[in-house]
Structure formats: structure tokens, C-alpha cells
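Engineer: structure here, sequence nowhere to be found:
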Ligand code: DSN
């Protein structure tokens with residue numbers, strides 16, 4: 001396929017859009033320019049391939065397809081069946097999973113599908129027999145509440161937010177925090193690492209229904225074999241949310257004890273982070289949970305998005321190619337080079353480094369909050385996000401950390417030398433930024449001082465660094 005084909009496709013698409021609402025066409029074009037010119041270090045973002053992007057812009061978007069492959073609530077779903085079955089097949093093969101459900105629209109949705117599947121499965125086995133009904137759906141509301149009381153267990157044990165867990169793992173801003181009584185396991189204050197003995201102790205005391213593994217800001221490998229043993233020891237279902245590191249599992253960087261799929265009863269993920277697919281979610285599970293998982297729509301989800309499932313099929317096919325394994329390894333190599341570059345310049349990193357795709361900088365060493373650091377870096381053309389660090393004194397809004405990740409820049413082709421230069425740019429901005437003050441002279445956690453000339457200079461250096469590695473080199477919109 002010629003590179004020209006990509007330019008023609010996107011130029012033509014924009015021409016068609018421009019004829020209806022030129023401001024949308026302009027915004028799409030401007031977004032490409034912004035992404036091309038900024039140093040994107042948001043650990044959860046990436047750049048999907050042109051084929052993945054194009055698979056979403058079509059008439060599959062017009063089709064309703066509630067239900068599952070071959071069992072729909074609408075007629076005329078034969079082509080949706082084709083793409084959904086393809087995406088699921090690629091997912092099963094890629095991850096070695098018994099079952100894949102590719103309808104979730106996001107990671108939160110995927111987790112809700114999983115939570116419901118676990119709850120329903122638990123209720124349906126011995127308890128349902130007792131109630132002499134076949135499905136949760138057949139229960140009266142009174143039966144349902146009685147069963148919940150009888151089971152007496154809607155407890156979830158997951159990683160605490162400030163240790164790097166995710167808010168969908170039982171925290172209050174998410175409905176999982178209302179559905180479950182939650183308890184967290186943190187990390188060892190001395191090392192920043194998960195202390196599996198403490199997790200086992202918490203599981204013994206709390207006896208959760210679900211033990212959740214997975215994170216969005218923990219820079220280390222997790223031993224899923226040990227977590228499964230802990231879950232088994234208390235009769236819990238073991239669920240892993242691998243949204244952040246699915247690409248590293250797909251690319252066989254995380255294998256054995258560090259691959260969640262053979263160990264967990266149920267695994268959820270997004271498809272757009274290190275996996276480099278379209279924005280969406282997915283559930284993988286063992287056969288006994290498959291029926292419940294497949295009821296995700298309409299139990300938990302709105303109608304599936306066939307255009308996004310088509311794009312998931314394309315992206316998962318890409319991830320099955322041998323070059324994806326090389327990409328996944330380079331993500332980790334780059335994160336380690338970035339960590340080394342930051343450490344050698346005096347930065348403090350949570351856990352002292354990384355063995356995945358992300359690095360968590362404790363910016364209190366620069367006498368800044370995460371919010372001040374995030375904005376100063378943004379002024380300088382470096383896009384990151386603030387994040388809590390373990391036992392964060394600044395809470396979840398201001399934070400004391402900056403999370404940086406390498407999936408996106410690795411897609412562009414940057415390597416270890418460029419990661420060192422990136423570390424230099426980050427360190428320069430953070431050392432030159434000072435905390436600001438409120439109007440009454442009290443210290444501000446949001447305001448900061450950074451010389452505009454310096455910010456511009458760093459932004460130009462960032463653009464220069466990226467010039468050798470053009471984003472979407474096959475797409476010329478001019
Ligand atoms: N928003 C994603 C992240 O940045 O980690 C997860 O919710």
C-alpha cells in the first residue's frame with residue numbers, strides 16, 4: 001500500500017467534513033498538528049495506526065447490534081457479527097484466553113461487566129439452586145436482596161489509589177465504590193513495591209469476594225501467580241485490570257508469573273493504551289464466566305459500537321504481528337532509559353525506577369506540586385499528567401507526582417538517546433519552575449513561576465527532537 005493512500009484517505013475525509021462544518025475539519029487538522037509537535041508522555045495514550053483510525057469512520061456506526069455474535073436483538077447484523085467475531089478471535093489468540101468479549105466502550109465499562117459477571121456467577125451457582133430459578137434475571141427484587149444478605153459478601157480488595165490503583169477498583173468517585181465494600185492494599189513505604197505478605201494478610205482479614213490486581217500508576221511488574229494463590233486461599237475471584245500494560249502482555253514482555261491471563265479468572269483492559277488500538281475496552285475470561293460476561297449488553301452496556309469493534313479487529317491483528325513484540329520491548333527499554341536519565345540528573349522516582357512503560361516522578365524534590373509541574377511542563381511542549389505518589393501529602397487533586405510513559409513516543413520511533421534528551425528537558429523545566437503564591441501571599445499549590453522564554457526554548461527543543469520521528473509520516477494534509 002502506498003503512503004499516498006493514507007494522505008488521500010484523510011484529505012478526502014476532511015474535504016467531505018469541511019463541506020458540512022468546516023470548524024470540525026479544522027479542529028481535526030489542528031489536533032494532528034498539536035500531536036505532531038508535542039512530546040506526548042501521557043502513559044495511557046498512544047497513536048493508533050491509520051488503518052485502525054479509518055476502520056472507525058464508516059457506516060458500521062449506524063448499526064444497532066445488541067446481543068452477541070449470532071444472537072442479536074436486531075436483524076441485519078451479519079457484517080457486525082463478522083467484525084465482532086474477528087476481534088474476539090484475534091484477542092483470544094493474542095492473549096491465549098479462553099473467551100473474549102470485545103463490546104465494552106471503555107475500561108470502566110469493561111470493569112463493570114466483569115464485576116457484574118462475578119456477582120451474578122456467585123449468586124447463580126448454589127444460591128440460585130436454592131431459589132430454584134435459572135438466572136439472576138428471573139429473581140424478584142425481594143429474592144435478590146435476600147440473596148445478597150445471605151451471601152453477605154460484596155467486598156473488593158484492590159490496590160490503593162495513591163499506590164497506583166485505579167478508581168474503578170472500588171473507590172468512591174466510581175460506582176464500584178458504591179457496589180462494593182472496599183479495602184486497599186498499598187505498597188511498602190521503604191521500597192514502594194507491593195508487599196505480597198501484606199496483601200495475603202489483608203485478604204485473610206477482609207475475605208473479599210473479588211481480589212483485584214492491576215494499576216494505572218505503579219511502575220513495576222506484578223506477580224499474578226502469587227496474587228492468584230492469595231485469592232484462592234480465601235475463596236475470592238481474581239480479577240486483573242491490565243488496561244495500562246496490555247501491550248506488554250500482547251508483546252510477550254510480561255510472561256510467566258507476570259502475564260495475568262493464565263492466572264486470573266477474569267481480565268479487563270482498554271484497547272487504546274499500550275495495546276495501540278481504538279478507544280475502547282475488552283474482557284477476557286475463563287469459560288465458566290463467559291455466559292455472564294456476554295450479557296454485558298444490555299445488562300451494563302449500551303448498544304455495541306460496531307465501527308469500534310471493526311477497529312479493534314484491525315488493531316489486534318496488528319498486535320499479532322512479530323514487530324509488535326519488538327515495539328513492546330522498546331516501550332520498556334525507553335521507560336528505563338528515561339528513568340536513568342531522570343535519576344542521573346537528581347530526580348526522585350517512586351520505587352527508584354521502572355520495569356514497565358511508566359515512570360512516576362516525585363516532584364516534591366523540586367519543591368513543586370504535581371499540578372504546578374504538570375502545567376509548567378505543558379507550557380514547555382511536554383504533555384504529562386499529575387498523579388498521586390504513595391502516602392501523598394497533597395491529595396489526589398494537587399498531588400506530588402508526575403506520571404510519564406513511553407508507549408506513544410516509542411510508536412513514533414524515539415529511542416534511548418532521545419529519552420535521555422527528554423529527561424534533560426523535563427529536568428530543566430522542573431528545576432527552573434518555582435511555586436507561586438496566592439494574592440494574600442500564602443503559598444499556592446497551583447500557581448507557579450516559569451520564565452516564558454525558557455518555556456518557549458524547551459518547546460522548540462522538544463519539536464526539534466520530534467522532527468526526526470514524524471508522526472503519521474504517510475499522512476500529508478497540505
Ligand atoms: N485514564 C486512564 C489513565 O490515564 O490511566 C485510566 O483511567
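Structural biologist: Nice, thanks for sending it over. Quick caveat: nothing in here was measured; it's all calculated off a predicted structure. Numbering: from 1, shown residues only.

Engineer: show me what the strand or helix carrying residue 14 is packed up against.
Structural biologist: Assigned by DSSP states H and E, residue 14 belongs to helix 3-18. Counting contacts by 3 or more C-beta pairs under 8 Å, 6 or more residues apart in numbering; DSSP states H and E, helix 3-18 is packed against helix 22-37, helix 50-56. Placement of C-beta: from N, CA and C, glycine included.

Engineer: average pLDDT across the last one?
Structural biologist: Confidence over helix 50-56, taken as the mean pLDDT, stands at 98.

Engineer: next up, the contacts around residue 248.
Structural biologist: Residue 248 makes contacts with 254, 274, 328, 331, 332, 356, 357, as judged by C-beta atoms under 8 Å, 6 or more residues apart in numbering.

Engineer: tell me what the residue in the stretch 251-400 of the chain that the ligand sits nearest to is bridged to.
Structural biologist: For the stretch 251-400 of the chain and the ligand, the shortest gap (C-beta to the nearest ligand atom) falls at residue 385, measuring 6.5 Å. Applying DSSP bridges to residue 385 gives these bridge partners: residue 403.

Engineer: quick one: low-confidence ranges for this structure?
Structural biologist: Within the chain, the stretches with pLDDT under 70 are 1-3, 123-153.

Engineer: if I read this right, the residue of the stretch 251-400 of the chain closest to the ligand contacts residue 374, doesn't it?
Structural biologist: Yes: applying C-beta atoms under 8 Å, one finds residue 385 in contact with residue 374, separated by 6.2 Å.

Engineer: of these two, who's got more company?
Structural biologist: residue 374 (24 against 20; other C-beta atoms under 10 Å).

Engineer: and what about that one, helix, strand or coil?
Structural biologist: helix (DSSP: H, G, I helix; E, B strand; the rest coil).

Engineer: from residue 394, how far off is the closest residue to it other than its chain neighbours?
Structural biologist: Ranked by C-beta to C-beta, 6 or more residues apart in numbering and with sequence neighbours excluded, the top spatial neighbour of residue 374 is residue 386, at 4.3 Å. Per C-beta to C-beta, to the nearest Å, residue 386 is found 9 Å from residue 394.

Engineer: show me whatever sits in contact with both of these two.
Structural biologist: 369, 370.

Engineer: ok, the two, which is more surrounded?
Structural biologist: Taking neighbours as other C-beta under 10 Å, residue 386 and residue 394 compare with residue 386 leading, 23 against 19.

Engineer: what's the longest helix anywhere in the chain packed up against?
Structural biologist: Across the chain, the longest stretch assigned as helix under DSSP state H is helix 322-344. Under the contact definition 3+ C-beta pairs under 8 Å, 6+ apart, helix 322-344 sits against helix 246-250, strand 358-362, helix 407-412, helix 416-432.

Engineer: which among those is found nearest to the ligand?
Structural biologist: strand 358-362 (9.0 Å).

Engineer: which strands or helices does the closest one pack on?
Structural biologist: Packed next to strand 358-362, using 3+ C-beta pairs under 8 Å, 6+ apart, are helix 322-344, strand 401-405.

Engineer: winner for burial among those?
Structural biologist: Of all the helices and strands packed on strand 358-362, strand 401-405 has the most neighbours on average by mean count of other C-beta atoms under 10 Å, namely a mean of 30.

Engineer: give me the contact list for it.
Structural biologist: Contacts of strand 401-405 (C-beta under 8 Å, 6+ apart): 41-45, 217, 335, 338, 350, 357-363, 370, 373-374, 377, 384-389, 392, 426.

Engineer: stretch 292-302 too?
Structural biologist: Contacts of stretch 292-302 (C-beta under 8 Å, 6+ apart): 66-68, 73, 99, 101, 103-105, 109, 112-114, 116-118, 120-121, 124, 266, 283, 285, 303-304.

Engineer: what of stretch 316-329?
Structural biologist: 49, 51-52, 86-87, 90-91, 93-94, 247-248, 250-253, 271, 274-277, 410-411.

Engineer: filter those residues down to the buried ones.
Structural biologist: 49, 52, 86-87, 90-91, 94, 247-248, 250-251, 253, 271, 274-277, 410-411 (16 or more other C-beta atoms under 10 Å).

Engineer: burial of residue 190, as a residue count?
Structural biologist: Close neighbours of residue 190, defined as other C-beta under 10 Å, add up to 7.

Engineer: my bad, should have said residue 455
Structural biologist: 20.

Engineer: what residues does the chain have near the ligand?
Structural biologist: 44, 107, 166, 216 (C-beta under 6 Å from any ligand atom).

Engineer: widest-spaced pair of those residues?
Structural biologist: With C-beta to C-beta as the measure, no two of the residues of the chain next to the ligand lie farther apart than 44 and 166, at 10.4 Å.
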